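1. sequence and predicted structure below; questions after.
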Amino acid sequence: MNDNNNKVGVLFVCLGNICRSPMAEAMFRHLVVQDKLEQYFLIDSAGTGNWHIGKPPHQGTRSILDQYGIPYVGLQARQVAVDDFTKFDYIVAMDNQNELDLKALARQADAKIIKLLDLVPDAVLKEVPDPYFTGDFDETYDLVGKGCRALLERIRQEKLSQIE
């Protein structure tokens, strides 16, 4: 675990931090709260780009989260920072390009950079398509949900089994 009061740090990353990564942050946070594990986590999201810094999640992301009763209050876009690689244990990329960009930024940091859908063994797609371009927020929600559930299970096995 990182140095954040023994919390497991999870950072979700996409391109602009207004569609996929805030959706994943909100959904993962929701799953963690449902399982009464919030005291064990530090959860955030960021983008590799800087175009949307300070903006709330995209309307499509907000709409689908509203549809499923998942809160997102207070989320606003930010860019990945160098200290994120020491602050977070798991840095979760939405696609191949995000993963490559993160690895280039990370240098020698110990953070575990993984692609969200690599955690889903039966996933047909290995990248979460960007609904900013596809317009398909339902598909993104479904894929992000599968990935978040798989990530929580992995963290339970790797980290929480020692402290729960």
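-> That came in fine, so what should we check first? Numbering: from 1, shown residues only.
2. now do the helix or strand harbouring residue 66: which elements does it pack against?
-> Assigned by DSSP states H and E, residue 66 falls within helix 59-67. Judged by 3 or more CB pairs under 8 Å, 6 or more residues apart in numbering; DSSP states H and E, helix 59-67 is in contact with helix 20-34, helix 137-158. All C-beta spots, glycine's among them, are computed from the backbone N, C-alpha and C.
3. most packed of the ones you listed?
-> helix 20-34 (a mean of 24; mean count of other CB atoms under 10 Å).
4. now the helix or strand just after that one, how far from the chain's geometric center?
-> The helix or strand immediately downstream of helix 20-34 is strand 41-47, counting by DSSP H and E. Here strand 41-47 is found 6 Å from its chain centre; the criterion is CA atoms, centre = their mean, to the nearest Å.
5. now do stretch 104-122
-> 11 Å.
6. next, the buried residues of the helix holding residue 66.
-> When burial is assessed from 16 or more other CB atoms under 10 Å, helix 59-67 yields the following buried residues: 60, 61, 62, 64, 65.
7. of those, closest to residue 81?
-> Residue 81 lies nearest to residue 61 out of the buried residues of helix 59-67, by CB to CB, at 21.9 Å.
8. one step back: ok, and what's touching the helix holding residue 66?
-> Helix 59-67 is contacted by residues 18-20, 22-23, 26-27, 56-57, 71-72, 131, 135, 137-138, 140-141 when judged by CB atoms under 8 Å, 6 or more residues apart in numbering.
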